[in-house]
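> give me a model of this one.
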Amino acid sequence: MLGVLVMIPVLYIAMSALTVQATTFAAAQAARDAARLLDNAPSATTGEARALAAARQTLADQNLATGGVRLHYVATGADCATAPARRPDLSPGAVYDVCITVPLVLPLLPADLTAANTITGVFTLHVGEFRETR
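Sure, this is the predicted structure:
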């Protein structure tokens, strides 16, 4: 009986830890995919739309909700949560961070309780030196 009582919280902690790890992986991959599509886009406006769509698709592939996803850009090395956002720049040689913020939803808890918890994936985008300006 004592073993069952101890096993239930241990299993919940393990499920929660795995959920945090999966969300972290998905956010990092979404930031990488978004940056790659932004870098290959013909314009910054088109790139932003493609980047957000790619981030949402990557998160959906990992079975995560895409409702509260936030895509923003900050100076290289800046904190994604507190740094001022900047516009994406596709001029050759530009360097900045692409940040994807994903809400963390823990298993068996209502989303309202964990809505304030987020995980951020960051990828540093180096726009190619030999990129054609369009």
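> residue 12 contacts residue 108, doesn't it?
Yes. Residue 12 lies in contact with residue 108 (C-beta atoms under 8 Å); the separation is 7.1 Å. C-beta here means a position set from N, CA and C on the backbone, and glycine is covered the same way.
> between these two, which one's more packed in?
Neighbours were counted for residue 12 and for residue 108 using other C-beta atoms under 10 Å; residue 12 has more, 14 against 7.
> need the contact list for that one.
107-108 (C-beta atoms under 8 Å, 6 or more residues apart in numbering).
> all strands for this structure, in order.
Assigned by DSSP state E, the strands in the chain fall at 70-74, 95-103, 118-126.
> please name every helix or strand in contact with the shortest one.
Under the contact definition 3 or more C-beta pairs under 8 Å, 6 or more residues apart in numbering; DSSP states H and E, strand 70-74 sits against helix 44-61, strand 95-103.
> next, the angle helix 44-61 makes with that strand.
Angle between the axes of strand 70-74 and helix 44-61 is 130 degrees (criterion: axes from the mean of the first three to the mean of the last three C-alpha atoms, to 10 degrees).
> any idea how far residue 52 lies from residue 61?
15 Å (C-beta to C-beta, to the nearest Å).
> swap in residue 75?
29 Å.
> remind me which residues of the protein are low pLDDT?
133-134 (pLDDT under 70).
> could you identify the longest helix within it?
If you go by DSSP state H, the chain has its longest helix at helix 2-39.
> show me which residues of that helix are buried.
23, 26-39 (16 or more other C-beta atoms under 10 Å).
> which of those residues lies closest to residue 83?
residue 31 (14.9 Å; C-beta to C-beta).
> and residue 66, how far is that from residue 58?
Relative to residue 58, and taking C-beta to C-beta, residue 66 is found at 9 Å.
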